Structure formats: C-alpha cells, structure tokens
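**Student:** can you look at this prediction? I've put the sequence above it.
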Amino acid sequence: MSLNERLTQIQPNAIRAFDAQISDVADILKLTLGEPDFNVPTHIKQAAIDSILVDDSHYAPAAGTQALREAAVHFLDDRYNLQYDADSQVIVTLGATEGIYDTITAVVNPGDRVLVPAPNFPLYDPTVVLAGGVPTYVDTSATDFLLTPDQLRGAIDTYGDQLVAVVLNYPSNPTGATYTSEQLSALADVLRGTDITVIADEIYSELVYDGQHTSIAQYLPDQTLVLNGVSKSHAMTGYRIGFVVGPTKLIRAVGLIHQFAVTSASNPAMAGAAEALGTEAGRQDTLAMKAEYAARRDYLVKALRELGFAIPQPAGAFYVFAQIPDGLEQDDVAFSLALAQEGKVAVIPGSAFGIGGAGYIRLSYAASLADLQTAVARIAAFITD
C-alpha cells in the first residue's frame, strides 16, 4: 500500500509521546500538558446547551456562524485594537491547531522555507514538512527566547525568495516569553515590503501578566494571519474552537483549505465560543483565570529558582522553562524520565521543543497551587536525594 512519503520525515507529537510514556507511573503528578484546570464558565456552557435545545443542528457556514465571527471581531477590536470584517476576513477553525495547518498549507509550496524561532511548539515543523516546505530554525536561546530584527534580517538575506513565511508564537509555548510593542514594530520594519507572510499564533494573548499583549498585525496588517481561540483564555480546549483573521486575499486561501479539511465547526461549540468572546461576562472569566495563573507563576518561578533552576521570567502563557542545574543529569530526557519514575513529577523535556531546548524542562502551571506545592516538594526531594 502506498503512503504519503512525507510522513516518513515527521514523528508523533513529542509532548504527547512523553506524556503517554510516563502516565502509568503510580502517584504521578503531571505538569505536562497545556490543559487549563478550570471548568468552562456556566454561562458559556448554557449557550452551548441552548444551541442544542433549539435544534441548531444543521451545517453552519464554512467560515463559522455569523454570531461567532462577529464576536471574534469584537474581541480583537476590544482587546487589541485590531479591525477585521466578519464576512470576509475571519475563518472559524477547530482550535488553533487547525489554524496552524490551514495557514501553513495555504502559503507554502514545495521547497519553500518557513522561519521558525526555536525552541518552538512542535506542531509548526511537521505541518511545514507535510506541505512540502522546509522548516528553517533560528536559535533564540541566547536572545531571551525572542527573535531579533538582526536574526530575521539575516535569514531573509540568506534565503531570499525561498523564505515565504515566519511563525511568531507569543506568548510562547514553551518559554512564556513575549514581545513588547517596540520589538514587534522593529520586526515589522524588517518584513515590510517583502512577500513574507507572518503567521502569528497568539492563542495565549489573554494570558499576559506583565504589560499588555500587542499583535504584530497592528504594524503589518496586510502580511499577517493571526491565530487565536478560546481554548486557553476560557478553558475550552475540548470545544475545539479557534479562528484565523487576516487580509481578505490570504483568508480566502485559508478558507479553501478549511472547507476541504473539516467543512465547518460544531454549532453548539460555536455558540459557546460566541458567548465567551462577545460578552463582558466572558472577559471577566478570563481576568479571573489570569489572576490565578499569575499567582501560580510567581510561586513556581520563585520556588524553582531557590532550588537552583535558571528560569527566564515567563511574561505570559502558563509554562515555566527551567534550565537543569549544574551537577544534575544534563540530558533533559533522562532527567525528566528519572523525575517521573523516582520523583513522581511529570514534566516535558526541553529537547521536545527543538533547537535551544536541550538541558531544559517545561512545567505547566495550569494546575492548582496545592499541586504545584506538592510538585516542588517532590522535585526538591528528588534533586537532593
């Protein structure tokens, strides 16, 4: 039987693979996945239930319901001063994950290069490969885990017309690093006038703890596709609702990929997402969760630093990217396996996130403060045993 030969060039998701590997350890405390521990707010659940009760059971428009597209437009304008047309510049996707697939597939031809600042969420690379492109990495571990204008300019000079897109994920998974408005403006200045599309994965935009989130689309609207959704901001991972916005020409191409991949999202899930994004109650839900995450971040960063871990300050998302202290096992996979099997705490090895990640571990603080305190105690016992 014949299979797509590009599948031989990719591996299963390293985060999921490691999580599955250690899940059977007895009494394991898992800080592995980017899964909010909050429940979906009641009013959002009720909106989804109401959709079912009124028999909202027929195919929605491929781009998503009008109500959700208008709610997404409202959300972006209200939070980030971004303006889009709900009828021609918004596509509702099955989570930001589908948005990654749709946007990369829409802009990449065989042999094209896509710039990926590393370490990075390990979904961009295989999607580029499946589209026939070449993931092209920039190691940002020496630049506070942020792409600099000089690095970007160097990649453009090196690859020329082969470089068709750059992925910017901020706040970042795995590091929590994010860009200031001045840094984004400087990157936009380098990109302006090129044919490079920016794929801005901003799924953690509502979880910025130091300052305010700014989208690069403010500075480069005609070249930017913005990905967002409700999974992280409203703890709605299982609803699988994201969206992509951008200039009409690019969104038309993204919409074609979306139509052939999934047709449309689920109506009840879209009704819930419209309630989350389009109401003041939805905004308040996020602020309450954000305050909890900020307290957890502050506790975990301080506690791990006291144990000797070097940690870049995470400005957003809900991850700590911690460098393994000298004197301990420096192979992050071996360290993480031993920590799970002997210390009963599950984390993700930094090398799962590619270049620049070796020697680090990623811990998710999408867990209760009590669980984080238990995890720290177990880690302390493990490294001093």
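**Tutor:** Received it, and whenever you're ready, just let me know what you need.
**Student:** and the helices in the chain?
**Tutor:** 14-22, 42-53, 66-80, 95-107, 124-130, 149-159, 181-191, 248-262, 267-278, 280-306, 332-343, 369-384 (DSSP state H).
**Student:** export those helices to a markdown table and append columns for mean neighbour count.
**Tutor:** No exception for glycine: its C-beta is placed from N, CA and C like everyone else's. As requested, these are exported to a markdown table (neighbours: other C-beta atoms under 10 Å):
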| stretch | mean neighbour count |
| --- | --- |
| helix 14-22 | 17 |
| helix 42-53 | 16 |
| helix 66-80 | 20 |
| helix 95-107 | 25 |
| helix 124-130 | 21 |
| helix 149-159 | 15 |
| helix 181-191 | 18 |
| helix 248-262 | 17 |
| helix 267-278 | 26 |
| helix 280-306 | 17 |
| helix 332-343 | 19 |
| helix 369-384 | 16 |
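**Student:** any chance of JSON lines for those, columns distance to Phe321?
**Tutor:** Compiled in JSON lines, those are given as follows (distance: least, C-beta to C-beta, whole Å):
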{"stretch": "helix 14-22", "distance to Phe321": "13"}
{"stretch": "helix 42-53", "distance to Phe321": "31"}
{"stretch": "helix 66-80", "distance to Phe321": "25"}
{"stretch": "helix 95-107", "distance to Phe321": "20"}
{"stretch": "helix 124-130", "distance to Phe321": "17"}
{"stretch": "helix 149-159", "distance to Phe321": "19"}
{"stretch": "helix 181-191", "distance to Phe321": "19"}
{"stretch": "helix 248-262", "distance to Phe321": "30"}
{"stretch": "helix 267-278", "distance to Phe321": "28"}
{"stretch": "helix 280-306", "distance to Phe321": "10"}
{"stretch": "helix 332-343", "distance to Phe321": "11"}
{"stretch": "helix 369-384", "distance to Phe321": "15"}
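**Student:** which among the ones you listed is found nearest to Gly238?
**Tutor:** Distance to Gly238, taken as C-beta to C-beta, is lowest for helix 267-278 among the helices of the chain, at 8.7 Å.
**Student:** the closest one relative to helix 66-80, how many degrees between them?
**Tutor:** 30 degrees (axes from the mean of the first three to the mean of the last three C-alpha atoms, to 10 degrees).
**Student:** can I get the CA coordinates of helix 267-278 in CSV?
**Tutor:** Coordinates of the C-alpha atoms in helix 267-278 are reproduced here as CSV (Å, rounded to 0.1, in the frame of the first residue of the first chain):
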residue,chain,number,x,y,z
ASN,A,267,-22.7,24.6,16.2
PRO,A,268,-23.1,24.2,20.0
ALA,A,269,-19.3,24.8,20.4
MET,A,270,-19.5,27.9,18.3
ALA,A,271,-22.5,29.2,20.3
GLY,A,272,-20.4,28.8,23.5
ALA,A,273,-17.4,30.5,21.9
ALA,A,274,-19.6,33.4,20.8
GLU,A,275,-20.7,33.9,24.4
ALA,A,276,-17.1,33.7,25.6
LEU,A,277,-15.7,36.2,23.1
GLY,A,278,-18.7,38.5,22.7
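**Student:** quick one: residues in contact with it.
**Tutor:** Contact with helix 267-278 is made by 40-41, 43-52, 56-58, 60, 64-65, 67-68, 70-72, 74-75, 92, 229-230, 233-234, 236, 239-241, 281-282, 285, as judged by C-beta atoms under 8 Å, 6 or more residues apart in numbering.
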